[in-house]
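In: Fold the following.
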Amino acid sequence: MSRPNDPTAPSRALFNWYPGHMARALREIKERLKMVDLVMEVRDARLPLASSNRAMLDEIGQKCHLIVFNKANLTSDDAVREWTKYLDQQEMNFMFVDCFDKTAMKKSVSMARKIVLKNRERTGSVDHKKTKLKLMIVGLPNTGKSSIINQLASKSVTKVADKPGQTQIQQWIIIENDVELLDTPGVMPPMIDKEEHALWLSAVHAIPDDVADEETTARFVVNHLLKEKSETFMARYKLEDPEITIEDTLAKIAVLRGCLTNGGLPDLNRVYKLVLQEFRRGELGKTIFEKAPKL
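Out: The predicted model follows:
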């Protein structure tokens, strides 16, 4: 995405990032759905609807479904409460979690088991007393699926990387004696039709920076945190003027962190990388991109 003339505005150019392995993964997910009892869908708590994949949800259909909103520690308690009210009204099965909270992650398996048992009883399934539980974990790239699996398995069984698209094969992982989980690659929607959503997904790194453009994404993140008047963001970069412009903010960050050219000018490319790295590590404070719809 190229940056528009207005440095605070979203890009006008949308992109279509849908590598071949994602199309293949979606086909394989559809083929293997009959092998599992429940689909655990991982989304980003900072964009609860925008981090879903409509094409994938259509394939899941009526299969038992639990939505795990990961990275809840990176959004505000108020935002979680508002989204909880909305999602309760939609009668969805969901949890807000921090994937590094082992207790919370264990609860996700208990919740999945209850959903499956309830469905078996409701449908009169002949195997409704079967204890074996088979789960499938799905979601967009970089939502934290690998970290969740490693917590559930109590060991490192999948590769964790701050780069989308690392998992490209499906594999069965034993979570408990009677629980198996099928890991799947992160799959993006075939098309992102809203510029705002593309920026959100780029900010949380569901889309690689070489596709989304670091400059556009970093300036969006800085502008968003300035509008929110994020105290953590302001304090981390020693920004004292609440009405500071985005250009002055970038210049101050450059000086503070030594991101300067040989001539002493701000090296903005280094600033963009720095801001995105620190934002994605949660060092710039809690935020919410997508507000809960009004009830």
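
In: now the helices for the chain?
Out: Here the chain has its helices, by DSSP state H, at 20-32, 54-60, 77-89, 102-123, 145-153, 195-203, 209-212, 214-228, 231-236, 246-256, 268-280.

In: now these in JSON lines, with mean neighbour count?
Out: In short, each C-beta sits where N, CA and C put it, glycine included. Shown next, in JSON lines, are the helices of the chain (neighbours: other CB atoms under 10 Å):
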{"stretch": "helix 20-32", "mean neighbour count": "15"}
{"stretch": "helix 54-60", "mean neighbour count": "15"}
{"stretch": "helix 77-89", "mean neighbour count": "15"}
{"stretch": "helix 102-123", "mean neighbour count": "15"}
{"stretch": "helix 145-153", "mean neighbour count": "22"}
{"stretch": "helix 195-203", "mean neighbour count": "22"}
{"stretch": "helix 209-212", "mean neighbour count": "16"}
{"stretch": "helix 214-228", "mean neighbour count": "21"}
{"stretch": "helix 231-236", "mean neighbour count": "16"}
{"stretch": "helix 246-256", "mean neighbour count": "17"}
{"stretch": "helix 268-280", "mean neighbour count": "19"}
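
In: what's the closest of those to Met188?
Out: Closest to Met188 of those, according to CB to CB: helix 20-32, at 6.0 Å.

In: what helices or strands is the closest one leaning on?
Out: For helix 20-32, the elements it packs on are helix 54-60, strand 133-139, judged by 3 or more CB pairs under 8 Å, 6 or more residues apart in numbering; DSSP states H and E.

In: By mean pLDDT, show me the worst of those.
Out: Mean pLDDT is lowest for helix 54-60 among the helices and strands packed on helix 20-32, at a mean of 89.

In: Distance from the chain centre to that helix, please.
Out: Here helix 54-60 is found 17 Å from its chain centre; the criterion is CA atoms, centre = their mean, to the nearest Å.

In: do the same with stretch 74-84
Out: The answer for stretch 74-84 is 15 Å, by CA atoms, centre = their mean.

In: repeat for stretch 214-223
Out: 17 Å.

In: Kindly export it (C-alpha atoms) in PDB.
Out: Extracted in PDB, the C-alpha atoms of stretch 214-223 (Å, rounded to 0.1, in the frame of the first residue of the first chain):
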ATOM      1  CA  GLU A 214       5.600  -0.400   6.900                       C
ATOM      2  CA  GLU A 215       5.400   3.300   6.400                       C
ATOM      3  CA  THR A 216       1.600   3.400   6.000                       C
ATOM      4  CA  THR A 217       1.100   1.000   8.800                       C
ATOM      5  CA  ALA A 218       3.400   2.700  11.300                       C
ATOM      6  CA  ARG A 219       1.900   6.100  10.600                       C
ATOM      7  CA  PHE A 220      -1.600   4.700  11.100                       C
ATOM      8  CA  VAL A 221      -0.500   3.200  14.500                       C
ATOM      9  CA  VAL A 222       1.100   6.500  15.600                       C
ATOM     10  CA  ASN A 223      -1.900   8.500  14.500                       C
END
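
In: any idea of the mean pLDDT for that stretch?
Out: Over the span of stretch 214-223, the pLDDT mean works out to 97.

In: one step back: now render the helices and strands packed on helix 20-32 as JSON lines, adding distance to Pro190.
Out: As requested, these are exported to JSON lines (distance: least, CB to CB, whole Å):
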{"stretch": "helix 54-60", "distance to Pro190": "6"}
{"stretch": "strand 133-139", "distance to Pro190": "15"}
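
In: quick one, which of those is nearest to Phe69?
Out: Among the helices and strands packed on helix 20-32, strand 133-139 comes nearest to Phe69, with 10.5 Å by CB to CB.

In: For the closest one, what is the distance to the chain centroid?
Out: Going by CA atoms, centre = their mean, where strand 133-139 is centred and where its chain is centred differ by 17 Å.

In: Contacts for that strand, please.
Out: Residues from elsewhere that reach strand 133-139 (CB atoms under 8 Å, 6 or more residues apart in numbering): 29, 32-33, 35-43, 51, 53, 56, 60, 109, 112-113, 116, 145, 148-149, 175, 178-184, 186-187.

In: please redo it, this time with the cut-off set to 6 Å
Out: 36-42, 112-113, 145, 179-184 (CB atoms under 6 Å, 6 or more residues apart in numbering).

In: Count the neighbours of Lys294 for me.
Out: Counted with other CB atoms under 10 Å, the neighbours of Lys294 add up to 6.
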